[in-house]
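Peer 1: quick one, what's the 3D model for this:
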Amino acid sequence: PPAAMRYCVTGSSLIVTDGGLERIRDIGRRKNVRILSFNDTEKDAPKWFDSGVHPTIKIETFRGFTLQGSVNHPVLTWGVDEKGKPSLAWKMLGGIKNGEYAVINRSDKLFPSDPSLTNFYPKLKDKRTDEHNLPEKMTPNLAFILGSLVAEGNVSSKQIGFSNNNSEYLNAFKTAFTKVFPDCRLHEYKRLPVGFTKKSYTSLEIHSLQIIKFLENIGLVKARAGGKTVPKIMFLSSRESLSAFLKGYAEGDGSVYLSGAPEVCFISKRIIWICLKKKSGLFPKEKIKN
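Peer 2: Model (predicted):
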């Protein structure tokens, strides 16, 4: 459809750019933005259009992917033609019906490698703060640490804690931490049962203010379970690092039933989104529900 039709999406919509997955409202008037377009082609986005306020419609797939925009915004759908052959067709949001299939781009073409982290190094105001070696780029070990902390961690401005009673999980966390932050001490404490739990557990704590601030800079946030979100750096990371993040997260919030089917409990919708869409290789098309 021509641009004159003023079709638009809401500001929270995520766009695949050379800067990672970004909300369209955050891209704004930034220059030299490259986006991933139809058929895996890369295109420059030379202009920014603010179409003003319009009525919107929101569609959602059975696995929770959503798109909200003006009724005339185009959506690529999958179906069969009159000869019974698979075909793709553009439809407007207002014309999408329950049970149709929307096509989802799952490519990581624009950011296939792990990003540099040097821009996230914290500037220490207190010269007495101990300085440690920080990783120069994202790695699977760091991603595993982040996934574990999102699942089982507690974050404050003065310490980050990771608690569990699974020795293999604890050892995996300690191993990853030692590889990423080799000169920083990880404090370990044995804790007695609290609340409804009847088992003692181990608490691993990070007391380095420098590392706490560094992890905060790459997106680890202080939040209760329902407000937890994927650290922003994961939107820029490689498939290998994302897999390590999911492994760390699933170790904490995952389970396997007698049927052999694995299941991960996701409280945050944003965590669901990144796990299913961002480079996971799942669901190239999604059935739309009311």
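Peer 1: what about the strands in the stretch 1-150 of the chain?
Peer 2: Using DSSP state E, counting those that start in this stretch, the strands of the stretch 1-150 of the chain run over 14-17, 20-23, 33-36, 42-45, 56-61, 66-70, 74-80, 86-92, 101-103.
Peer 1: for the stretch 151-290 of the chain, same thing?
Peer 2: Under DSSP E, counting those that start in this stretch, the stretch 151-290 of the chain gives strands at 153-155, 160-164, 187-191, 201-206, 254-256, 262-264, 285-289.
Peer 1: so this structure: which segments form each domain?
Peer 2: Domain ranges of the chain: 3-110+284-289, 118-256, per automatic domain parsing.
Peer 1: deepest in the core, which of those is it.
Peer 2: Using mean count of other CB atoms under 10 Å, the stretch among the domains of the chain with the largest mean neighbour count is domain 118-256, at a mean of 17. All C-beta atoms are positioned from the backbone trio N, CA, C, and that covers glycine.
Peer 1: for the stretch 151-290 of the chain, which spans come out with low pLDDT?
Peer 2: Scanning the stretch 151-290 of the chain for pLDDT under 70 picks out 195-197, 224-227, 253-290.
Peer 1: can you show me the helices along it?
Peer 2: Under the criterion DSSP state H, counting those that start in this stretch, the stretch 151-290 of the chain contains helices at 167-180, 209-217, 239-253, 269-276.
Peer 1: let me see the ranges of the helices in the stretch 1-150 of the chain.
Peer 2: Assigned by DSSP H, counting those that start in this stretch, the stretch 1-150 of the chain shows helices spanning 24-27, 140-152.
Peer 1: let me know the outermost residue of this structure.
Peer 2: In the chain, counting by CA atoms, centre = their mean, Lys83 sits farthest out from the average C-alpha position, at 39.9 Å.
Peer 1: local confidence estimate at it?
Peer 2: pLDDT for Lys83: 88.
Peer 1: gap between it and Ile233?
Peer 2: For Lys83, the distance to Ile233 (CB to CB, to the nearest Å) stands at 47 Å.
Peer 1: which one is Tyr121 nearest to, not counting chain neighbours?
Peer 2: Leu134 (5.8 Å; CB to CB, 6 or more residues apart in numbering).
Peer 1: same question for Ala89.
Peer 2: Spatial nearest neighbour of Ala89, excluding adjacent residues (CB to CB, 6+ apart): Thr77 at 5.4 Å.
Peer 1: repeat for Ala151
Peer 2: Spatial nearest neighbour of Ala151, chain neighbours left out: Gly252 (2.8 Å); criterion: CB to CB, 6+ apart.
Peer 1: hmm, back to that, turn the strands of the stretch 1-150 of the chain into a markdown table, including distance to Ile145 and mean pLDDT.
Peer 2: A markdown table is the format used below for the strands of the stretch 1-150 of the chain (distance: least, CB to CB, whole Å; pLDDT from 0 to 100):
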| stretch | distance to Ile145 | mean pLDDT |
| --- | --- | --- |
| strand 14-17 | 24 | 83 |
| strand 20-23 | 20 | 78 |
| strand 33-36 | 29 | 84 |
| strand 42-45 | 32 | 86 |
| strand 56-61 | 31 | 90 |
| strand 66-70 | 30 | 90 |
| strand 74-80 | 37 | 91 |
| strand 86-92 | 41 | 91 |
| strand 101-103 | 34 | 90 |
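Peer 1: mind putting those strands into JSON lines with distance to Lys125?
Peer 2: Shown next, in JSON lines, are the strands of the stretch 1-150 of the chain (distance: least, CB to CB, whole Å):
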{"stretch": "strand 14-17", "distance to Lys125": "33"}
{"stretch": "strand 20-23", "distance to Lys125": "29"}
{"stretch": "strand 33-36", "distance to Lys125": "34"}
{"stretch": "strand 42-45", "distance to Lys125": "38"}
{"stretch": "strand 56-61", "distance to Lys125": "44"}
{"stretch": "strand 66-70", "distance to Lys125": "41"}
{"stretch": "strand 74-80", "distance to Lys125": "49"}
{"stretch": "strand 86-92", "distance to Lys125": "53"}
{"stretch": "strand 101-103", "distance to Lys125": "48"}
